[in-house]
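S.K.: only geometry, no sequence info:
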């Protein structure tokens with residue numbers, strides 16, 4: 001049962017949300033959970049960058065074609081027609097979008113970002129899974145409820161994870177950009193950093209709905225490990241269901257697969273590559289979609305958190 005005093009504030013308070021968010025960030029750093037998330041995010045980002053850069057360095061060591069440098073090789077390989085076809089298949093886009101990613105912008109960074117966006121939903125879960133579940137299990141939130149309202153706790157914990165995610169994303173992107181600039185040096189610094197900033201915003205907006213999803217799942221369970229497992233399962237299993245449904249519709253109803261592209265748009269995953277689209281309207285639409293998913297998950301989570309026994 002919830003314990004509350006008669007003079008406890010019962011209205012939503014931005015000041016309380018901010019205080020809880022800052023405390024949540026400090027606690028994550030002291031407990032090591034936040035640093036572990038930062039390490040995971042950084043390791044994944046650098047591993048993806050190394051996945052593209054290491055083969056180029058090996059080719060150079062073996063006296064690659066015509067004695068090319070790593071920077072010349074990266075431009076030649078990544079701007080080839082074969083890579084363009086692969087990008088069109090991965091992003092389900094046309095040749096104009098692949099040209100925007102590989103020729104209008106630094107191709108090596110584009111390739112890193114395309115793979116990084118695949119990993120973001122899952123790595124985000126490792127930093128956002130324990131927003132309230134651990135304290136629900138220990139009954140620690142009962143003491144906090146003497147001072148503030150449930151909505152302040154829920155939104156404060158969400159904001160705390162969001163702020164730490166921003167720091168992690170910025171740190172990871174800075175390291176990747178420096179890695180690409182000094183390891184390869186194939187692109188003008190201004191082009192590289194401007195494209196890196198757009199990539200950073202894409203990673204941030206993609207992580208938003210998954211942080212909100214974790215907030216919802218976390219307040220439903222009183223087990224941090226269970227919250228992590230469910231968040232990862234939902235992030236991956238929902239995609240498997242959608243792709244199986246798409247295959248079933250194509251095989252049974254002889255529907256053109258291109259007409260079923262809307263299916264994957266029912267989850268945040270389906271909008272990830274529009275965040276890097278060459279058309280401004282497509283990017284804005286994708287950002288609005290991410291904000292919409294975030295608002296929906298937060299609404300569902302807050303509604304459940306207000307009713308459950310703490």
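M.R.: Right, received. Where do you want to start? Quick caveat: nothing in here was measured; it's all calculated off a predicted structure.
S.K.: In space, what's closest to residue 224 - neighbours in sequence excluded?
M.R.: residue 130 (4.2 Å; C-beta to C-beta, 6 or more residues apart in numbering). All C-beta atoms are positioned from the backbone trio N, CA, C, and that covers glycine.
S.K.: Distance of that neighbour relative to residue 122?
M.R.: 16 Å (C-beta to C-beta, to the nearest Å).
S.K.: So for the two, which sits in the more crowded spot?
M.R.: Neighbours were counted for residue 130 and for residue 122 using other C-beta atoms under 10 Å; residue 130 has more, 24 against 15.
S.K.: doesn't residue 228 make contact with that one?
M.R.: Yes: the pair residue 130 / residue 228 is scored as a contact, 7.4 Å apart, by C-beta atoms under 8 Å.
S.K.: Any idea how many residues pack against residue 91?
M.R.: 18.
S.K.: So for it, what pLDDT did the model give?
M.R.: For residue 91, the pLDDT comes out at 81.
S.K.: can you check residue 107 too?
M.R.: 84.
S.K.: same check, this time on the one 10 residues further on
M.R.: pLDDT for residue 117: 93.
S.K.: and it, what element?
M.R.: helix 107-128 (DSSP states H and E).
S.K.: all helices for the protein, in order.
M.R.: In the chain, the helices defined using DSSP state H lie at 14-31, 33-61, 70-78, 81-91, 95-102, 107-128, 133-138, 141-144, 150-183, 189-220, 224-253, 280-307.
S.K.: Quick one: list the elements packing against the second one.
M.R.: Yep, that's helix 33-61 we're talking about. helix 14-31, helix 70-78, helix 107-128, helix 150-183 (3 or more C-beta pairs under 8 Å, 6 or more residues apart in numbering; DSSP states H and E).
S.K.: Run a quick neighbour tally on residue 243.
M.R.: Applying other C-beta under 10 Å, I find that residue 243 has 12 neighbouring residues.
S.K.: Now it. Nearest residue, chain neighbours left out?
M.R.: Excluding its sequence neighbours, the residue lying closest to residue 243 (C-beta to C-beta, 6+ apart) is residue 264, at 7.8 Å.
S.K.: Let me know the pLDDT of that neighbour.
M.R.: Note for residue 264: predicted pLDDT of 79.
S.K.: What separation do you get for the residue lying closest to residue 239 once chain neighbours are set aside and residue 200?
M.R.: Spatially, and ignoring its direct neighbours in sequence, residue 239 is nearest to residue 269 (5.8 Å; C-beta to C-beta, 6+ apart). Here residue 269 is placed at a distance of 19 Å from residue 200 (C-beta to C-beta).
S.K.: how about low-confidence regions in the stretch 151-300 of the chain?
M.R.: Low-confidence segments of the stretch 151-300 of the chain, defined by pLDDT under 70: 246, 248-261.
S.K.: Could you tell me how many residues sit around residue 38?
M.R.: 20.
S.K.: which residues touch it?
M.R.: Neighbouring residues of residue 38 by C-beta atoms under 8 Å, 6 or more residues apart in numbering: 164, 167-168, 171.
S.K.: give the contact list for the most centrally placed residue in the chain.
M.R.: Nearest to the mean C-alpha position of the chain, counting by C-alpha atoms, centre = their mean, stands residue 207 at 2.9 Å. Residue 207 makes contact with 120-121, 124, 165, 169, according to C-beta under 8 Å, 6+ apart.
S.K.: From these, list just the buried residues.
M.R.: 120-121, 124, 165, 169 (16 or more other C-beta atoms under 10 Å).
S.K.: Identify the farthest-apart pair in the residues you listed.
M.R.: 121 and 169 (13.2 Å; C-beta to C-beta).
S.K.: Neighbours of the closest residue to residue 274 other than its chain neighbours, how many?
M.R.: Distances taken as C-beta to C-beta, 6+ apart place residue 286 nearest to residue 274, at 3.5 Å, with adjacent residues excluded. Applying other C-beta under 10 Å, we find 23 residues neighbouring residue 286.
S.K.: Please report the distance of residue 286 from residue 229.
M.R.: In terms of C-beta to C-beta, residue 286 sits 29 Å off from residue 229.
S.K.: what's the answer for residue 263, then?
M.R.: Counting by C-beta to C-beta, the gap from residue 263 to residue 229 is 25 Å.
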